[in-house]
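> All I have is the shape, not the residue letters:
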């Protein structure tokens, strides 16, 4: 019988991202995607301080209409909702911007 081990840090992060998606998806009755209202709730709750400090350039203000414009750009199938792959594109973009920001701040430091 295989030994069950604790999830790795990466596995835990993936589970956590899916849990956060599920926390906001479905408040309008459909739990497989984020509506505009659910997306704004996610942005204002989960990314509020992050977007105002680490990634202020990503969006100047989390209440700015550009946040909804960003959702439209992420919504590849143009259904007015963000499904899991579209949501993960947002997370990936944020991670890249964050990585670039960290590298500019202290280029020689490793982030652990």
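The structure has been received and is ready for your questions. Here the structure is a predicted model, which is why all the values come from computation and not from measurement.
> show me where this structure has helices.
9-24, 36-46, 48-52, 66-74, 84-105 (DSSP state H).
> of all those, which lies closest to residue 30?
Ranking the helices of the chain by their distance to residue 30 (criterion: Cβ to Cβ) puts helix 36-46 first, at 9.4 Å. Where you see a C-beta, it was placed from the backbone N, CA and C, and this is true even at glycine.
> by contact count, what packs against the closest one?
Where contact means 3 or more Cβ pairs under 8 Å, 6 or more residues apart in numbering; DSSP states H and E, helix 36-46 is packed against helix 9-24, helix 66-74.
> How far off centre is that helix?
Chain-centre distance of helix 36-46: 10 Å, with Cα atoms, centre = their mean, to the nearest Å.
> Please determine how far residue 31 is located from residue 11.
22 Å (Cβ to Cβ, to the nearest Å).
> Okay, now the unreliable bits of the protein?
For the chain, applying pLDDT under 70 flags the ranges 1-2, 51-67, 107-112.
> Grab the most central residue of it for me.
When Cα atoms, centre = their mean is applied to the chain, the residue found nearest the centroid is residue 91 (3.6 Å).
> Tell me if I'm right that that residue and residue 16 touch.
No - contact criterion Cβ atoms under 8 Å: residue 91 and residue 16 do not qualify, at 10.7 Å.
> Give the bridge partners for residue 82, please.
As for beta bridges, residue 82 partners with residue 34 under DSSP bridges.
> For it, grab the count of nearby residues.
Using other Cβ atoms under 10 Å, residue 82 has 26 neighbouring residues.
> In contact with it, which residues?
Residue 82 sits next to 33, 34, 39, 71, 74, 75, 90 when contact means Cβ atoms under 8 Å, 6 or more residues apart in numbering.
> Can you give me the distance of it to residue 68?
Residue 82 is 11 Å from residue 68, by Cβ to Cβ.
> Now list whatever residues contact both of the two.
Taking Cβ under 8 Å, 6+ apart as the criterion, residue 82 and residue 68 both touch residue 39.
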